[in-house]
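*Asks:* my questions concern the predicted model and sequence given below.
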Amino acid sequence: MIERSFDVAVIGGGPAGMAAAAKAAELGLSAVLIESRDLLGGVPLQCIHPGFGLHVFGEDLTGTQFAYRLIERVERSGAEVMLRAHVHSVEVEAHDEKVVNVVAPGGVVRVRCRALIYAAGARERTIFEIGVVGDRPAGIFTAGEAQLLMDLYGVLPGREVVIVGSGDVGLIMARRFALEGARVKAVVEIMPWPGGLMRNVVQCLHDFGIPLLLSHAVVRVAGRGRVERVVVARVGEDLRPLPGTEFEIPCDTVVVAAGLRPNADLLERMGAAIDPATGGPVVNELLETTVPGVFAAGNALVVNDLVDYAVEQGERAAEGAKLFVEGGGLPAADWKPVARGRNVRLAVPHYVSGERGAVVYARVERPERNVLIRVPELGLRRFAVAVRPAEMVRLELPRSAFEGVELERLTLEVVPRE
Amino acid sequence: MSEVELVCIVCPASCTLKARLAGGGLEVEGAGCARGVEYARRELTNPVRHVMTVVKVRCGDLPVVSAITSKPVPKSCVFEVVKATANLEVEAPVELGQVLLENVCGASLVATRRVRRVSGAGCPASPASP
C-alpha cells in the first residue's frame, strides 16, 4: 500500500474539482486531484454545444473547449492528478486529518490530507424515479447517456425519439437527434413550464419544430425487445395523470431528461448533514460541510445550470481549504442560518458568518415576473424582470452589507415589486 | 409576410413577441424592451446559428471528433452543414481548432476536441501523407 500526503485532496475531475485543485495549488497548498475516469473534464467533455465560459473566460466556448482550458490551468498550477483512481472510502481521523482510500491503477493509495474538497458531481435521475411504468425494453437512455453515445462515440441511439423531461440536457439532445437525422416526436414535461433555459427551448425545440408538451407525463413504456411506443397523459394540478387523456406516441427510443441529483453518498457516510431541498450537503459560506475541513463544490453541492458557478464554487472551496489548513481549522464564527423565504425552493450556502462576503445560489419554486430578490435583514434587494425555476439566482452578499447589523438569521425571499 | 410568434431569449423575462415585416418596416408587439425588438429584427431578417456535430475519425483513440462552425451560419443553412459533414472522415491526430472542412455556408468547421492517433492494423504510427 502506498501512502501519500497533501494539504488538500479534491475528489472529482470535473469543472468544480479542476478549479478547486488548481486554485488550491495557486494559493500555495499541495493538492491532489482524484478522478475515476481516464481523463479530466467531467460533464463538459461530452458537451459539444457552445454557451460555456462566458463568465469565467469571457468567451463563448463549447463544453469541450471549456474543459481543455481548465485542464491546462490544472497542469500549470502544479496540482498532482490521479486518473482512473476510484475513491473507496474516507476516514476522518481527526478534525484536520482525513485519509482518502483510493483504488488506482498502481494499487491502493492512502491519500492523507488536512482538507478535502468533494466535487464528485451529480447523477441523472432515471426512469425508475419518475413514476413511468410498463415494459423495460432496450432503447431507454438518460439524456447524458445519449449524449455520451452520440458526441463522444458517434453512435446514434435511435431514430424515433420521445424525450421525457425538458431539462437542459434533454433539450440539447433533442437538437442533436434532429441534426443527426433522427425524428424527435415530442418533449414531454410534467410541469406547466419548461425545465431548461429558455434559450435552449427556442434554439433546440422551436428551431426544429419539436413539440413541447407541458403538463403532460409519459405514464408507460411499451415494447418487446425494443421500445415501440409510450403512453402519454395530461396531468392535473396535483401532477397526477388525468384519466381519459391518454394517447400513444410510437417511438423506438426514450430519453429521460428528468434532472440531476448531487452525488452525496460518500459525504453522507462521512456524517455530513444533507439538505433535502438540494440533495447536497449543508454548507457555510466557504462551502465547508458539517464535517470540519470537508468542503463541497459544483453539482455535488447543488445542481448548477451554468458551469461558471461550478468553477466559482470550486475556487471558493479552495479558499476555504487554505484558511482551514493554515489555521488548523476555520476561525470560530457565529454562524447565522440562511432561511428560505417566499418563492425560494433552495438556497446555498445554509450558514453565513458576516465576517466575509458570501455568494448565495438559489432557485425559485415557480416562475414569476416583476419581482425583487431580497435579503431584508441586510437591506439588500435586486430587481428582476422575471425569475424561473430553471435559472439559478446568484446573489452576492458583500462584506460591507453586514457591517453594523445585528443578525439572528438571514432570509432570502422573492417578492412582487410594488 | 405573415405574423411570426417568437420567444425572446435576450433575458429571463422570455417575452412572447408577435412580429411582422410590413412595407419595409418591422412591427413588434409584446417586447418588454428595445432589446426584444432588436432580437425580433435579427430573427426575421437574418437569423444565424452555430452548428455543432461530430465527424468520423480514422485511427483515433475516439471514433469521432466534435466540431463547430467557425462562426454562426444562416439558420436556413444549418442542415447543409450537417449534410456536408455526414460523409466526412478525417485522420487522427486531430488538434483543437483544426479545420476539418472549409467554406461551408460561409464558415469553416473546426475541431473542438483533441483525438490522439493510435497505431494498429491499417493505421501506421504516423498519418499517410496526403
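*Replies:* Perfect, I can see it now.

*Asks:* going forward, measure contacts between C-alpha atoms and count neighbours the same way
*Replies:* Will do.

*Asks:* residue A:65: what secondary structure?
*Replies:* helix (DSSP: H, G, I helix; E, B strand; the rest coil).

*Asks:* residues contacting it?
*Replies:* Residue A:65 is in contact with B:96, B:112-113, counting by CA atoms under 8 Å, 6 or more residues apart in numbering or on different chains.

*Asks:* check residue A:161 too.
*Replies:* Per CA under 8 Å, 6+ apart, neighbours of residue A:161: A:182-186, A:251-255.

*Asks:* ok so residue A:202 is a helix residue?
*Replies:* Yes: assessed with three-state DSSP, residue A:202 lies in a helix.

*Asks:* returning to what we had before: give me the buried entries from the contacts of residue A:65.
*Replies:* Among these, those classed as buried by 16 or more other CA atoms under 10 Å in any protein chain shown are B:96, B:112-113.

*Asks:* near chain A, from those residues?
*Replies:* B:96, B:112-113 (CA under 8 Å from any CA of the partner chain).

*Asks:* and the chain, what are its domains?
*Replies:* Assuming you mean chain A. The record's domain parsing of chain A by automatic domain parsing lists A:1-124+A:260-331, A:126-258, A:332-418.

*Asks:* wrong chain, I was asking about chain B
*Replies:* If you go by automatic domain parsing, chain B breaks into B:4-45, B:52-111.

*Asks:* which of the contacts of residue A:161 tops the neighbour count?
*Replies:* residue A:254 (28 neighbours; other CA atoms under 10 Å in any protein chain shown).

*Asks:* stretch A:321-329 - what's its average pLDDT?
*Replies:* For stretch A:321-329, mean pLDDT rounds to 94.

*Asks:* how about stretch A:12-19?
*Replies:* On average, stretch A:12-19 scores 98.

*Asks:* distance of the residue in chain B that chain A sits nearest to from residue A:330?
*Replies:* Closest residue of chain B to chain A, CA to the nearest CA: residue B:13 (4.7 Å). Distance, residue B:13 to residue A:330, using CA to CA, to the nearest Å: 41 Å.

*Asks:* when the two are compared, which one has more neighbours?
*Replies:* residue B:13 (21 against 17).

*Asks:* quick check, that one in a helix?
*Replies:* No: counting by three-state DSSP, residue B:13 is not found in a helix; it is coil.

*Asks:* ramachandran angles for it?
*Replies:* phi -60, psi -30 (degrees, to the nearest 10).

*Asks:* confirm for me that residue A:160 is in contact with residue A:186.
*Replies:* No: with contact defined as CA atoms under 8 Å, residue A:160 does not count as touching residue A:186 (9.7 Å).

*Asks:* in TSV: the ones next to chain A among the buried ones among the contacts of residue A:65, plus distance to residue A:76 and pLDDT.
*Replies:* Putting those into TSV (distance: CA to CA, whole Å; pLDDT from 0 to 100) gives the following:
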residue	distance to residue A:76	pLDDT
B:96	18	95
B:112	21	96
B:113	20	95
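
*Asks:* let's have those residues in TSV, adding secondary structure.
*Replies:* Formatted as TSV, those follow (three-state DSSP):
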residue	secondary structure
B:96	coil
B:112	coil
B:113	coil
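
*Asks:* among the domains of chain B, which is nearest residue A:325?
*Replies:* For the domains of chain B, proximity to residue A:325 was assessed by CA to CA; domain B:52-111 is nearest, at 37.9 Å.

*Asks:* checking residue A:381 next. Helix, strand or coil?
*Replies:* strand.

*Asks:* tell me the contacts of it?
*Replies:* Counting by CA under 8 Å, 6+ apart, residue A:381 has contacts A:372-375.

*Asks:* the residues you listed in helices, which ones?
*Replies:* Counting by DSSP state H, no part of the contacts of residue A:381 is found in helices.

*Asks:* now do the buried residues in the biggest helix by length in chain B.
*Replies:* When chain B is scanned for its longest helix (criterion: DSSP H), the result is helix B:34-45. Neighbour-count burial for helix B:34-45, with 16+ other CA under 10 Å as criterion, is recorded at B:36-41, B:43.

*Asks:* what are the contacting residues of that helix?
*Replies:* Residues contacting helix B:34-45 (CA under 8 Å, 6+ apart): B:6, B:8, B:10, B:15, B:17, B:19-21, B:26, B:28, B:31.

*Asks:* can you name the next helix or strand after the lengthiest helix in chain A?
*Replies:* When chain A is parsed with DSSP H, its longest helix is helix A:307-327. Proceeding N to C from helix A:307-327, the next assigned helix or strand is strand A:336-340, under DSSP states H and E.

*Asks:* the residue nearest to the residue of chain B closest to chain A when sequence neighbours are not counted: what secondary structure?
*Replies:* Take residue B:13 and drop its neighbours on the chain: the residue closest to it by CA to CA, 6 or more residues apart in numbering or on different chains is residue A:386, 4.7 Å away. With three-state DSSP as the basis, residue A:386 sits in strand.

*Asks:* can you pull the contacts of residue A:386?
*Replies:* A:367-371, B:12-13.

*Asks:* make a ChimeraX selection of the buried ones in the residues you listed.
*Replies:* Here is the ChimeraX command that selects only those of those that count as buried (16+ other CA under 10 Å):
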select /A:368,369,370,371 /B:12,13
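
*Asks:* which among the contacts of residue A:386 gets closest to residue A:176?
*Replies:* Looking across those and measuring by CA to CA, the closest to residue A:176 is residue B:12, at 23.8 Å.

*Asks:* which positions within stretch A:100-114 qualify as buried?
*Replies:* A:100-104, A:108-114.

*Asks:* for it, give the mean pLDDT please.
*Replies:* 97.

*Asks:* report how many residues lie close to the nearest residue to residue A:132 once chain neighbours are set aside.
*Replies:* Excluding the flanking residues, the one nearest residue A:132 by CA to CA, 6+ apart is residue A:219, at 4.9 Å. By the criterion of other CA under 10 Å, residue A:219 has 18 neighbours.

*Asks:* same question for residue A:409.
*Replies:* Counted with other CA under 10 Å, residue A:409 comes out at 14.

*Asks:* same check on residue A:166?
*Replies:* Based on other CA under 10 Å, the number of other residues close to residue A:166 is 30.

*Asks:* you'd agree it is up against residue A:192?
*Replies:* No: taking CA under 8 Å as the definition, residue A:166 is not a contact partner of residue A:192, at 11.0 Å.

*Asks:* pairing partners for the helix or strand encompassing residue A:414, with directions?
*Replies:* In this assignment (DSSP H and E), residue A:414 forms part of strand A:410-416. Applying DSSP bridges, strand A:410-416 is found paired with strand A:336-340 (parallel), strand A:368-375 (antiparallel).

*Asks:* returning to that earlier point: now, which of the buried residues of stretch A:100-114 sits nearest chain B?
*Replies:* Distances from chain B to the buried residues of stretch A:100-114, taken by CA to the nearest CA, are shortest for residue A:104, at 21.7 Å.

*Asks:* returning to that earlier point: and the domains of chain B, which one's lowest on average pLDDT?
*Replies:* domain B:4-45 (a mean of 86).

*Asks:* next one: whichever helix or strand comes after the longest helix of chain B to chain centre, how far?
*Replies:* Later in the chain than helix B:34-45, the nearest helix or strand by DSSP H and E is strand B:48-49. With CA atoms, centre = their mean, to the nearest Å as the basis, strand B:48-49 stands 7 Å off its chain's centre.

*Asks:* what lines up beside strand B:48-49 in the sheet?
*Replies:* Applying DSSP bridges, one finds strand B:48-49 paired with strand B:73-74 (antiparallel).

*Asks:* ramachandran coordinates for residue B:85?
*Replies:* According to degrees, to the nearest 10, residue B:85 has phi -90, psi -10.
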